[in-house]
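Peer 1: build me a model:
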Amino acid sequence: MAYYESVFIARQDVTPQQVEQMAEQFAGIVSAQGGKVTKTENWGLRNLAYKINKNRKGHYVLMNLDAPAAAVHELERNLRINEDVLRFMTVTVDELENGPSVMMRKSDDRYERDDRGPRGGDRGYRPRPARTETEGDE
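Peer 2: As a prediction, this is how the structure comes out:
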């Protein structure tokens, strides 16, 4: 079986409990087709880049799948039918992540500057020499 990552965005007026129920429902669809959901992450209510069907925010959910292609097609068909789902995307991956996804990691981990040195300082900075009055008149 192949590995997939599937992300869907639910409407902003859906409660978090309903979003969890939707994720369980979609996981059940994958399981019924012979696949399994190895991890489900709820990223919470986040701002959208642009309005989708008059929604400015959406509940994001990531599902890691180990499933045959038929199970993924059935999942996508159900995501398309569901009125509470604004958008979804499923991609094939070489291997599934065991730990938290990039969205769930601490923001401090993203901005480490160990290899480039500290921010600012005088590394490579040389002030310009002061201009004399005669240089500008020529």
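
Peer 1: in the chain, which spans are helices?
Peer 2: Ranges of helices in the chain, per DSSP state H, are 16-32, 69-81, 107-110, 133-137.

Peer 1: sheet partners, orientation included, of the longest strand belonging to the chain?
Peer 2: Counting residues, the longest strand found in the chain (DSSP state E) is strand 36-52. Sheet pairing for strand 36-52, assigned by DSSP bridges, gives strand 55-67 (antiparallel).

Peer 1: only the buried residues of the strand it pairs with, if you could.
Peer 2: By neighbour count with 16 or more other C-beta atoms under 10 Å, strand 55-67 contains the buried residues 57-65, 67. In this view, the C-beta of every residue, glycine as well, is placed from N, C-alpha and C.

Peer 1: returning to what we had before: quick one: the helices of the chain as JSON lines, columns for mean pLDDT too.
Peer 2: Shown next, in JSON lines, are the helices of the chain (pLDDT from 0 to 100):
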{"stretch": "helix 16-32", "mean pLDDT": "95"}
{"stretch": "helix 69-81", "mean pLDDT": "95"}
{"stretch": "helix 107-110", "mean pLDDT": "55"}
{"stretch": "helix 133-137", "mean pLDDT": "64"}
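
Peer 1: so which of the ones you listed is nearest residue 2?
Peer 2: helix 69-81 (6.9 Å; C-beta to C-beta).

Peer 1: between strand 55-67 and the closest one, find me the angle.
Peer 2: 160 degrees (axes from the mean of the first three to the mean of the last three C-alpha atoms, to 10 degrees).

Peer 1: hmm, back to that, dump the helices of the chain to a markdown table, plus distance to residue 89 and mean neighbour count.
Peer 2: Below are those laid out as a markdown table (distance: least, C-beta to C-beta, whole Å; neighbours: other C-beta atoms under 10 Å):
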| stretch | distance to residue 89 | mean neighbour count |
| --- | --- | --- |
| helix 16-32 | 14 | 15 |
| helix 69-81 | 10 | 16 |
| helix 107-110 | 22 | 7 |
| helix 133-137 | 58 | 7 |
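
Peer 1: save the buried residues of strand 55-67 as JSON lines, and put in distance to residue 127 too.
Peer 2: As requested, the buried residues of strand 55-67 are arranged in JSON lines below (distance: C-beta to C-beta, whole Å):
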{"residue": "57", "distance to residue 127": "47"}
{"residue": "58", "distance to residue 127": "49"}
{"residue": "59", "distance to residue 127": "52"}
{"residue": "60", "distance to residue 127": "48"}
{"residue": "61", "distance to residue 127": "53"}
{"residue": "62", "distance to residue 127": "49"}
{"residue": "63", "distance to residue 127": "55"}
{"residue": "64", "distance to residue 127": "53"}
{"residue": "65", "distance to residue 127": "57"}
{"residue": "67", "distance to residue 127": "61"}
